[in-house]
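**Q** build me a structure from this.
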Amino acid sequence: MQRSFDSLVDLLQGRRFALLTGAGLSTESGIPDYRGPETRRRSRSPIQYRQFLRSEAARRRYWSRSLVGYPRVRDARPNDGHRAIADLQARGHLAGLITQNVDRLHRAAGSHGEIELHGALADVRCLDCGIVTRRDDLQSRLLELNPGRSETDAPLAPDGDADVDDSGGFVVPTCECGGAFKPDVVFFGESVPRDRVERSYAIVESADALVVAGSSLAVFSGYRFVRRAEERGIPVAIVNLGETRGDPHATVKVAQSTGEVLPALAHRLAAPSQTAGYR
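**A** Numbers count the residues shown, from 1 in each chain. Next up is the predicted model:
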């Protein structure tokens with residue numbers, strides 16, 4: 001496996017590549033990931049799908065924390081890595097964009113047509129009737145029903161909620177049908193919808209290479225695409241600060257931040273005759 005930035009440029013020059021992004025891409029926008037160095041210092045169990053379905057107390061706790069944490073995800077801004085990806089897409093380098101992130105920062109940066117594997121926090125879905133509504137509307141209802149609760153300095157958590165422990169007396173609104181709301185994202189223990197998986201496989205199989213940016217690939221939802229690329233003889237490049245589950249399958253691994261590497265990559269692919277002096 002090659003480990004230099006120049007090797008990444010050489011691999012991708014003249015090729016259209018699929019891009020899979022993970023939480024490490026958004027940490028420079030202030031959104032924590034699950035397995036980065038900072039997150040590991042404050043061990044935390046994410047919300048589990050079955051727990052959310054079965055326990056009213058778990059739902060109340062989630063929404064009390066989300067009331068605090070959601071605005072900081074909603075108001076986060078794209079960073080240089082997101083903008084570089086939008087530039088790569090606009091210049092025709094991407095066969096497609098797949099993201100494990102739920103923050104919609106790709107769209108805010110100008111990307112389009114991305115497959116949101118895990119959904120987006122900007123939407124909520126009723127577990128009974130299935131209607132999808134805007135998270136901002138639910139935020140307003142949460143604030144109305146819970147006066148005195150608002151943003152605090154509690155640390156933001158990867159689920160888009162915050163480390164707030166007091167959910168006692170918290171009131172959670174229900175859908176007009178009486179059903180419970182769930183953020184329209186894939187929780188741990190929940191399956192990614194099959195159509196998203198198949199569309200993502202199609203992107204990978206149509207590409208000349210697969211680039212993974214900012215994902216540890218610890219969960220199968222992203223790792224499966226690395227395995228599919230390997231099965232099809234499609235080279236894999238990984239840009240991530242730490243080790244990843246996909247490293248044994250990679251042709252190139254650049255262990256640097258996406259905010260550094262992706263803009264430099266966009267620059268080099270846009271002007272291949274130039275030397276950026278980046279290593």
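**Q** surely Phe170 meets Leu143?
**A** No - counting by Cβ atoms under 8 Å, Phe170 does not reach Leu143; the two are 11.7 Å apart. Glycine gets a C-beta too; all of them are placed from N, C-alpha and C.
**Q** higher neighbour count, the two?
**A** The neighbour comparison of Phe170 against Leu143 (other Cβ atoms under 10 Å) goes to Phe170, with 20 against 13.
**Q** what residues are up against that one?
**A** Residues in contact with Phe170 (Cβ atoms under 8 Å, 6 or more residues apart in numbering) are 60-61, 63-64, 146, 149.
**Q** out of these, who's nearest Cys129?
**A** Of all those, Trp63 has the smallest distance to Cys129: 18.4 Å, by Cβ to Cβ.
**Q** how about Thr258, nearest residue that isn't a chain neighbour?
**A** Leaving aside its sequence neighbours, Thr258 sits nearest to Gly81 (Cβ to Cβ, 6 or more residues apart in numbering; 4.1 Å).
**Q** count of residues packed around that neighbour?
**A** For Gly81, using other Cβ under 10 Å, the count is 30.
**Q** I'd like the next helix or strand past whatever helix or strand it lives in.
**A** In the assignment (DSSP states H and E), Gly81 maps to helix 80-90. Counting by DSSP H and E, the next helix or strand C-terminal to helix 80-90 is strand 94-99.
**Q** tell me what the longest helix belonging to the chain is packed against?
**A** In the chain, assigned by DSSP state H, the helix with the most residues is helix 56-74. Applying 3 or more Cβ pairs under 8 Å, 6 or more residues apart in numbering; DSSP states H and E, one finds that helix 56-74 contacts helix 49-54, strand 119-126, helix 135-145, strand 181-185.
**Q** looking at the ones you listed, which is nearest to Leu105?
**A** Nearest of the helices and strands packed on helix 56-74 (Cβ to Cβ): strand 119-126, 10.2 Å.
**Q** report the mean confidence score over the closest one.
**A** Mean pLDDT, computed over strand 119-126, is 97.
**Q** fine by me, thanks again.
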